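> Quick one: sequence and predicted model below, then my questions.
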Amino acid sequence: MLAVVIPLHQLSAVNPSTSKTNPSEKYIQIISVDNHEFWFLGFVHYDTAVKSIQGALQPQ
């Protein structure tokens, strides 16, 4: 297992994505405030991961 840590204040967007050729391949694109893109795949609970990351970016 690989752990990646990106401080929330460094994130600007989270975009769920699905492969057009293979819909079972789902990705999460995370964009940092300095426009670096990170692509993650292989989530066991993809929808939960997307909701959690998007929820963490919402102002409280």
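Yep, that arrived.
> need the contact list for the residue most central in space within the chain.
Nearest to the geometric centre of the chain sits residue 28, at 3.6 Å (Cα atoms, centre = their mean). Neighbouring residues of residue 28 by Cβ atoms under 8 Å, 6 or more residues apart in numbering: 14, 15, 16, 17, 39, 40, 41, 43, 46, 49, 50, 53. (Glycine included, C-beta is placed from N, CA and C.)
> shouldn't the third one be in contact with residue 30?
No: with contact defined as Cβ atoms under 8 Å, residue 16 and residue 30 do not form a contacting pair (10.6 Å).
> what about the residue nearest to the centre of the chain, is that helix, strand or coil?
strand (DSSP: H, G, I helix; E, B strand; the rest coil).
> same question, the one 3 residues further on
What three-state DSSP gives for residue 31 is strand.
> how many other residues sit next to the residue lying closest to it once chain neighbours are set aside?
Excluding its sequence neighbours, the residue lying closest to residue 31 (Cβ to Cβ, 6 or more residues apart in numbering) is residue 13, at 4.3 Å. Residue 13: 13 surrounding residues under other Cβ atoms under 10 Å.
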